[in-house]
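S.K.: give the three-dimensional model of this entry:
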Amino acid sequence: ASGTSDLVSERRVSPQQVVLADGRAYLEAYCHLAGAMRTFRLDRIMKISAASGPREIPETAPVPADPAVAILAIAPGAAWIVDVLGAEVLGSDPEGRQRVRLEYADPRWLVRLVLSRGGQIEVLEPASLRTSVTDAAASALRAYAGG
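M.R.: Reported below is the predicted structural model:
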């Protein structure tokens, strides 16, 4: 089950490793559906079955485009982003938030991540991504207000 939507999907993956962060276990695996490496929270995996034969990462796997970069301010409750998503800590601010640099491939994914953390993540740069988060939040509020 997805952590940012109500969707349940079936994936075929080639596991690479299991990592622990903030008391949760995550599976890092090559996802054959996405054609790229993905991270899956183990407690959200509903069913596992072994496939016959080896499932390796294809040598012809598409090389991801150069990722975009965002500068975020993250509250202590979202500190797992550093370990799980590989964010680079740049410093901290007077409120105790960490300032981090995070690479991402899909801005829609990062907007969903920011919104899902209920104010624990603030986009500092780029301005276009900050605007996307603001617009998505305003749209959600209008939906709840009935407008």
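
S.K.: low pLDDT regions in the protein?
M.R.: 1-6, 21-22, 52-66, 147 (pLDDT under 70).

S.K.: do a quick rundown of the helices in it.
M.R.: Using DSSP state H, the helices of the chain run over 80-84, 107-116, 127-145.

S.K.: buried stuff in the longest one?
M.R.: If you call a residue buried by 16 or more other CB atoms under 10 Å, then helix 127-145 has these buried ones: 129-130, 132-133. Backbone N, C-alpha and C define where each C-beta goes, glycine included.

S.K.: can you tell me which of these is nearest Met46?
M.R.: Val133 (29.6 Å; CB to CB).

S.K.: pull the contacting residues for the spatially closest residue to Val13 that is not a sequence neighbour.
M.R.: The shortest distance from Val13 to any non-neighbouring residue, by CB to CB, 6 or more residues apart in numbering, is to Ala29 (3.8 Å). Ala29 sits next to 13-16, 37-38, 40 when contact means CB atoms under 8 Å, 6 or more residues apart in numbering.

S.K.: with distance to Met46 and neighbour count added, can I get these in TSV?
M.R.: TSV is the format used below for the contacts of Ala29 (distance: CB to CB, whole Å; neighbours: other CB atoms under 10 Å):
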residue	distance to Met46	neighbour count
Val13	14	21
Ser14	19	15
Pro15	16	12
Gln16	21	13
Met37	21	15
Arg38	16	14
Phe40	11	19
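
S.K.: taking those, tell me the two that lie furthest apart.
M.R.: Maximum distance among the contacts of Ala29 (CB to CB): 12.1 Å, for Ser14 and Phe40.
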